[in-house]
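**Student:** Here is a sequence with its predicted model. Questions after.
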Amino acid sequence: MTIDRSNTHTTEDLQQIDNDHVMHPWASMGQDDPNLGVVEKARGIYMVDRDGKRFIDGPGGMWCVNIGHGRQEIADAMAEQVSRLGYVSPWTASTEASVLLAERLAAEAPGDLNTVFYTTGGSSAVDTALRFIQFYNNIKGRPEKKVFIAREKGYHGSTYLSASVSGKERDRKFLDTNTDFVRFLPNVNPYIRPQGMSVDEWRDAKLADLENMILEVGPEKVAAFIAEPILASGGVIVPPKGYHKGCLEICRKYDVLYISDEVVTGFGRLGHIFASEKVFGITPDIITCAKGLTSGYVPMGAAIISDRLINEISSDDHSDILFSNGYTYSGHPVSAAVALKNLEIMERENLCAHVREISPYFQERLRQLGEKHEIIGDARGMGLLGCLEGAAAPGTPEAKRLAIDHEFGHRMDVGAEKRGLLVRPLINMCVFSPPLVITREEIDKLFDILDETISEVESDMLG
């Protein structure tokens, strides 16, 4: 094979090389070349491809570019840290950046969540939290207390362990996961509640799901419940008010630990650095985070663990017991420097306050689309998270529904992109989580494009 090392590649050249040599996440095994777009640069809420076309970054990268694209301060922080120290083994040394970041995260986390275990991203943060709980129960002499409870439609990662507690059924169809110590509760989405049932009644039924599962398995066997404050990849599912608080009370009743997976909701997405306490009124035992921690500029994640858990297994006679879990890049100095600068920018520019101020308008525009268009079954969200779910015509046979759902998602994706907006299609849903720096005028542009796109899709599909 001859490699062209010149800088004369066309977009088509790069797409062909990509097709030949790169396996993307969630890649289809179909034979058609995907010819993915090639992004050249980005700034603020916009990305620009190699042909100069500009797009609003609707998904905010992958729920992660919270402070927006093209921040020179981030580049400078990376360069300054690399010029002094690009890497040190986390087994043998600490760095100023990683130490100060841990102090900052502990100060932001609720309650006594003061111990930070650095990881490489969200999947490894969840993996670490689950492994720590197994480790914790082994030390406490409870090797049988190992069952994890999670929700259908929840997503917690792609490692074997984090994927095992993820409840998106399609993701597990052809991949093995552990089914011995994981139990799933039914979908918590209020949109699917039976006709005539109130949201409060639905919430109570979902809380009963959790308590009944704990009792069915046996409290002495259930280790933890893991939950996203908002089930992002499952379709921006917002549980009913009081749900998380009720879940935590049940967990406390039966000595079950509570993991709040804030990989998406952390770092301003809902108007606070962490949403567990300030939005949902809970202090979990462990928070997992990533994505907005560095606004996607470099990979990094963390599991933030309660002092209570650490203290219960720390003693002089345990000095030979190792938590044998970690990563070559745990607390990477460059990632830590970026995270510190990211948090500095968020604080200086009052981005959390900006989200709290502007998100009611974002959600209002979202709801208006649901009220206006027949083809939209549900328009839901919170903060700067949104989802539009398509609805097949009443009476559509189940055998045809999946094809119609896929067609809706595909048409929304294509229609929005040709108008200069990227969204993330999820079967019959399109979801979006734009950078937190988005302005009111840019929100209008985003939803105007969605409005035009839905009108086109509705006309084509419903006539």
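**Tutor:** Arrived safely.
**Student:** which residue ranges form the strands in the stretch 201-350 of the chain?
**Tutor:** For the stretch 201-350 of the chain, the strands defined by DSSP state E, counting those that start in this stretch cover 222-227, 257-261, 286-289, 301-306.
**Student:** what packs against the first one?
**Tutor:** In this case it means strand 222-227. In this structure, strand 222-227 packs against helix 122-139, strand 147-151, helix 199-217, helix 243-253, strand 257-261, with contacts taken as 3 or more CB pairs under 8 Å, 6 or more residues apart in numbering; DSSP states H and E. Using the backbone N, CA and C atoms, a C-beta is placed for each residue, glycine as well.
**Student:** repeat that for 7 Å
**Tutor:** helix 122-139, strand 147-151, helix 243-253, strand 257-261 (3 or more CB pairs under 7 Å, 6 or more residues apart in numbering; DSSP states H and E).
**Student:** Adding mean pLDDT and distance to residue 26, write those out as JSON lines.
**Tutor:** Below are these laid out as JSON lines (pLDDT from 0 to 100; distance: least, CB to CB, whole Å):
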{"stretch": "helix 122-139", "mean pLDDT": "98", "distance to residue 26": "13"}
{"stretch": "strand 147-151", "mean pLDDT": "98", "distance to residue 26": "20"}
{"stretch": "helix 243-253", "mean pLDDT": "98", "distance to residue 26": "28"}
{"stretch": "strand 257-261", "mean pLDDT": "98", "distance to residue 26": "19"}
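**Student:** Could you single out the most deeply buried of those?
**Tutor:** Compared across the helices and strands packed on strand 222-227, strand 257-261 shows the largest average neighbour count, a mean of 27 (mean count of other CB atoms under 10 Å).
**Student:** Contacts made by that strand with the rest, please.
**Tutor:** Applying CB atoms under 7 Å, 6 or more residues apart in numbering, the external contacts of strand 257-261 come out as 126, 129, 133, 156, 223-229, 248, 251, 276, 282, 284-288.
**Student:** Relative to the whole chain's centre, how far out is that strand?
**Tutor:** Relative to its chain's centre, strand 257-261 lies at 14 Å (CA atoms, centre = their mean, to the nearest Å).
**Student:** mind listing what it pairs with, with the direction of each?
**Tutor:** strand 222-227 (parallel), strand 286-289 (parallel) (DSSP bridges).
**Student:** Using CSV, list the CA coordinates for the first one.
**Tutor:** What that stands for is strand 222-227. Provided in CSV are the C-alpha atoms of strand 222-227 (Å, rounded to 0.1, in the frame of the first residue of the first chain):
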residue,chain,number,x,y,z
VAL,A,222,-28.4,-6.2,46.3
ALA,A,223,-25.3,-4.1,46.2
ALA,A,224,-26.4,-0.9,44.4
PHE,A,225,-28.9,0.9,42.3
ILE,A,226,-27.4,2.9,39.4
ALA,A,227,-29.4,5.7,37.8
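**Student:** tell me what the helix or strand bottoming out on mean pLDDT in the chain is packed against?
**Tutor:** In the chain, no helix or strand scores lower on mean pLDDT, DSSP states H and E than helix 398-418, which sits at a mean of 86. Contacts defined by 3+ CB pairs under 7 Å, 6+ apart place helix 398-418 against strand 424-426, strand 429-432, helix 440-462.
**Student:** Point out the most buried one among those.
**Tutor:** Highest mean neighbour count of the helices and strands packed on helix 398-418: strand 429-432, a mean of 25 (counted as mean count of other CB under 10 Å).
**Student:** Just give the number of residues close to residue 271.
**Tutor:** Residue 271 has 21 neighbouring residues, counting by other CB atoms under 10 Å.
**Student:** would you say residue 118 is within a strand?
**Tutor:** Yes. Counting by DSSP: H, G, I helix; E, B strand; the rest coil, residue 118 falls inside a strand.
**Student:** What residues are bridge-paired with it?
**Tutor:** residue 302.
**Student:** and the spatially most central residue of the chain, what is it in contact with?
**Tutor:** Centroid-nearest residue in the chain: residue 264, 3.3 Å away (criterion: CA atoms, centre = their mean). Going by CB under 7 Å, 6+ apart, residue 264 touches 63, 228, 232, 291.
**Student:** can you put these in TSV and add distance to residue 90, neighbour count and pLDDT?
**Tutor:** Shown next, in TSV, are these (distance: CB to CB, whole Å; neighbours: other CB atoms under 10 Å; pLDDT from 0 to 100):
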residue	distance to residue 90	neighbour count	pLDDT
63	26	24	97
228	27	25	98
232	29	25	97
291	21	29	98
